Every structure is written in C-alpha cells, then in structure tokens.
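Asks: Here is a sequence together with a model predicted from it:
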Number of protein chains: 2
Amino acid sequence: MAYATNCWAVLADPTRRTIFERLIEHPSAVSELARGLPVSRPAVSQHLKVLKDAGLVIDRPAGKQRIYQVDPEGLAAFRAELDRFWSKTLATYKTVVEQPT
Amino acid sequence: MAYATNCWAVLADPTRRTIFERLIEHPSAVSELARGLPVSRPAVSQHLKVLKDAGLVIDRPAGKQRIYQVDPEGLAAFRAELDRFWSKTLATYKTVVEQPT
DNA sequence: GTAACGCGTAAATGATGGCTTACGCGACCA
DNA sequence: TGGTCGCGTAAGCCATCATTTACGCGTTAC
C-alpha cells in the first residue's frame, strides 16, 4: 500500500510537511487544518490526498466533517525506508553521524 | 552553512538521492557518476551543486577532474533534523514505529 | 423542504525544477 | 603550442506541481 520510497518527495513540500506534523499531534478536520495555514482549504484537501496516496494518513467521515489522522502503518514503512538509508550511511560515517544531538 | 531544513527537498529527487548514496560509498568525479546514471553529465553537475549548496557534499580539484564526497558535518546536521522530526512522531506513535525492521 | 456548512474535485494559472544542448575555461599531454 | 579531456554554466524546453476559483455533492439544522 504505502510506497515509502515516495515519502521523500511527499514530505519535501513545506506546507505538506506542516500538515503532517499537525496530524501527528492530533487528528483534525480539513477546515481546522486550513484555518492555521496560509493556503486555501482546497489546497489542504489536495495535500491530504497526496499524503493519503502515499499511505501516510487515513481519513474517516464524521458527519459533515472528515477527520484525517496519521496512519501508523505507513509511518512505520517510511521509518523503515529511512532506516535503510541511514544504515548505509552509518557504515561509512559512523563516528560523525552518531554524535549526540 | 548547511541548511538542514532544505535537505528534505534536496534528497527528494531520486536521481540526486542516488548520486548522494554513491558518494556515500566512495568519493567520485563527475564523469564517473554520470557514467552510471541515465542522465547527462551537466545534469549531474547541477545536482552536485544543489547537494553542495545544501552542505551535504564537498568538492576538491584533482587535476582535470573534480572529486566530490559527502560532507560529514552536513550529514550530521541532516541527521539531527530528521531526529527532531522523529522525536516528535515517537511521542505519539512510539509503539508502532519502533517495531523491528 | 430549504438553507447553511464541510468537503472533494475539476479547470486554469503561475512558478518551480530537472534535463538537454551549446559554449567556454582550466588542466594535462604530445 | 596545439589538441584533448573534464568540468561548470548559461539558455531554453518541457513536465510537474502548488495554488486559487468555481462548482457539485452529501450532511446537518431550522
């Protein structure tokens, strides 16, 4: 389902990444998200569609509204993708990258 | 120096990510990279410029050639950026995301 | 029923970005 | 001193994409 490889591009857009981070904090409806962003509501809808196609969020109807929330499964897939990336890197740059943050 | 915030967009492009991963394995000249990629040599040069501006790679002249390699410092900065992202996520989705890969 | 609300989607637009070709510059070699 | 090689960069093209406005559909409230 979740094409974790594409998550790089999906999360590259700042607006979309902000939306995703807000959904991490708590599930939200579309208008609620749009209210805190400098873009229109349809723009938020389209970003949510991209996030949904990537398997990063799921949605459920709630009366007039539609609640979006992070999909733990897709999130885990992306985490795995990033882990592969870093494990390759660590083999060469272990000492530097593992420094305390 | 390194704007780690932009690394999301920098590594979003598959070609650029491939270049970066090859540089992780070993430093390379431009033509050497281009030889193993489906794009032209100038395209590789432009990707390398983006990676360099982001602080992810450094270059040094070597006769006629120009050797590019990963900048450990920029890499650590990006690692820190991703760590911030995940630490936020883990607060909510700890159990799911931390499953063994 | 009818009005208002929340949402998704189509269409149009402007901007961004990756790619190629063409060119010019410095470094090596005969 | 020519000629070749490796590279960066400018110019232009084309695709992608983020965004807005306009519209239509389902849901709730009166």
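Replies: Perfect, I can see it now. This is a predicted model, so every value here is computed, not measured.
Asks: Near A:Thr89, how many other residues are there?
Replies: 20 (other C-beta atoms under 10 Å in any protein chain shown). Heads up, the C-betas are built off the backbone N, CA and C, glycines and all.
Asks: swap in A:Lys52?
Replies: A:Lys52: 15 surrounding residues under other C-beta under 10 Å.
Asks: Please apply the same query to the one 4 residues further on.
Replies: For A:Leu56, the count of nearby residues is 25 (other C-beta under 10 Å).
Asks: cool, A:Leu90 as well?
Replies: Per other C-beta under 10 Å, the neighbour tally for A:Leu90 reads 15.
Asks: quick one: what helix or strand has it in it?
Replies: helix A:72-97 (DSSP states H and E).
Asks: isn't A:Val30 right up against A:Arg41?
Replies: Yes. At 6.2 Å, A:Val30 counts as touching A:Arg41 under the criterion of C-beta atoms under 8 Å.
Asks: neighbour-wise, which of these two wins?
Replies: The residue with more neighbours, out of A:Val30 and A:Arg41, is A:Val30; 19 against 13, by other C-beta under 10 Å.
Asks: Give me the distance between that one and B:Pro38.
Replies: Using C-beta to C-beta, to the nearest Å, we find A:Val30 at a distance of 39 Å from B:Pro38.
Asks: And A:His26, by the same measure?
Replies: As judged by C-beta to C-beta, A:His26 and B:Pro38 stand 43 Å apart.
Asks: Low-confidence regions, chain A specifically.
Replies: Applying pLDDT under 70 to chain A flags residues A:1-5, A:94-101.
Asks: quick one, helices of it?
Replies: A:7-10, A:14-25, A:30-35, A:41-53, A:72-97 (DSSP state H).
Asks: What parts of chain A come near chain B?
Replies: For chain A, the contact set with chain B under C-beta under 8 Å from any C-beta of the partner chain comprises A:8-9, A:11-13, A:17, A:21, A:24-25, A:70, A:72-73, A:75-76, A:79-80, A:82-86, A:88-89, A:92-93, A:96-97, A:99, A:101.
Asks: Among the residues you listed, name the buried ones.
Replies: Neighbour counting with 16 or more other C-beta atoms under 10 Å in any protein chain shown marks A:8-9, A:11-13, A:17, A:24, A:70, A:72, A:75-76, A:79-80, A:82, A:85-86, A:89, A:92-93, A:96-97 as buried within the residues of chain A next to chain B.
Asks: what distance separates stretch A:39-53 from the middle of the whole chain?
Replies: Offset of stretch A:39-53 from its chain centre (C-alpha atoms, centre = their mean, to the nearest Å): 12 Å.
Asks: Render the CA-only coordinates of that stretch in PDB, please.
Replies: Listed next in PDB are the C-alpha coordinates belonging to stretch A:39-53 (Å, rounded to 0.1, in the frame of the first residue of the first chain):
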ATOM      1  CA  VAL A  39      -3.300  28.400   2.000                       C
ATOM      2  CA  SER A  40      -6.900  27.800   1.000                       C
ATOM      3  CA  ARG A  41      -9.000  24.900   2.100                       C
ATOM      4  CA  PRO A  42      -8.900  23.100  -1.300                       C
ATOM      5  CA  ALA A  43      -5.200  23.300  -1.300                       C
ATOM      6  CA  VAL A  44      -5.200  21.500   2.100                       C
ATOM      7  CA  SER A  45      -7.600  18.900   0.600                       C
ATOM      8  CA  GLN A  46      -5.200  18.200  -2.200                       C
ATOM      9  CA  HIS A  47      -2.200  17.900   0.100                       C
ATOM     10  CA  LEU A  48      -4.200  15.500   2.200                       C
ATOM     11  CA  LYS A  49      -4.900  13.400  -0.900                       C
ATOM     12  CA  VAL A  50      -1.200  13.200  -1.700                       C
ATOM     13  CA  LEU A  51      -0.500  12.200   1.900                       C
ATOM     14  CA  LYS A  52      -3.200   9.600   1.700                       C
ATOM     15  CA  ASP A  53      -2.000   8.100  -1.600                       C
END
